[in-house]
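> I'd like to go over a predicted model; first the sequence, then the structure.
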Amino acid sequence: MKIHTQKLVEKTRGFCDIIDLTAKVQERIQKEKIQRGLATLFVTGSTAALTTMEYEPGLVEDVKELVERFIPSNKKYHHDDRWGDDNGFSHLRASVFGPSLHIPIDNGRLALGTWQQIVLLDFDNRARTREVMLQIMGDTE
């Protein structure tokens with residue numbers, strides 16, 4: 001079994017910036033020649049998250065509108081009172097989505113649905129440089 005770990009670095013705009021990571025992850029699987037195994041992704045930081053979705057402009061906007069209705073950015077949160085950084089909403093949003101994903105690899109490909117992509121969501125109230133740890137484990141034959 002082969003194990004490969006690397007950092008994917010993404011510059012984001014914050015405020016629910018959604019970035020498709022699928023091609024980068026698939027490229028790494030092909031480079032490492034993993035045929036069967038598992039891709040694990042973990043975003044460091046408490047104001048970003050990972051999920052899967054159909055990455056198309058309409059749904060990207062729908063997700064942004066949904067999180068704004070569900071956890072408004074213009075509301076005052078206890079975290080804001082404690083730290084004075086007015087990003088309590090971003091911590092709450094990230095905790096709902098979660099920081100990690102595990103995706104099977106089969107025949108050298110991510111086992112994603114036809115319209116399913118891996119996305120990074122940056123909920124912070126400013127632009128950031130995000131690091132996503134990618135670990136690929138599996139057999140090369």
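Received the coordinates, thanks. Numbering: from 1, shown residues only.

> Give me the pLDDT for Gly84.
You'll see Gly84 listed with a pLDDT of 80.

> Strands of this protein, start to end?
Using DSSP state E, the strands found in the chain span residues 2-12, 17-20, 36-43, 48-53, 100-106, 109-110, 117-122, 128-139.

> Look through the chain and tell me its longest helix.
helix 57-70 (DSSP state H).

> Buried residues, it. List them.
Val60, Val63, Val67 (16 or more other CB atoms under 10 Å). All C-beta spots, glycine's among them, are computed from the backbone N, C-alpha and C.

> With stretch 104-113 instead?
Buried residues in stretch 104-113 (16+ other CB under 10 Å): Ile105, Gly108, Leu110.

> Span of that stretch from start to end?
One end of stretch 104-113 sits 12 Å from the other (CA to CA, to the nearest Å).

> sorry, back to before: Phe15: which of the buried residues of stretch 104-113 is nearest?
Leu110 (27.9 Å; CB to CB).

> mind listing what Leu110 touches?
By CB atoms under 8 Å, 6 or more residues apart in numbering, the contact list for Leu110 reads Thr22, Val25, Gln26, Ile29, Ala39, Ile103, Pro104, Ile118.

> which of these tops the neighbour count?
Ile118 (25 neighbours; other CB atoms under 10 Å).

> On the strand side of things, show who that residue bridges to.
Counting by DSSP bridges, Ile118 is bridged to Thr52.
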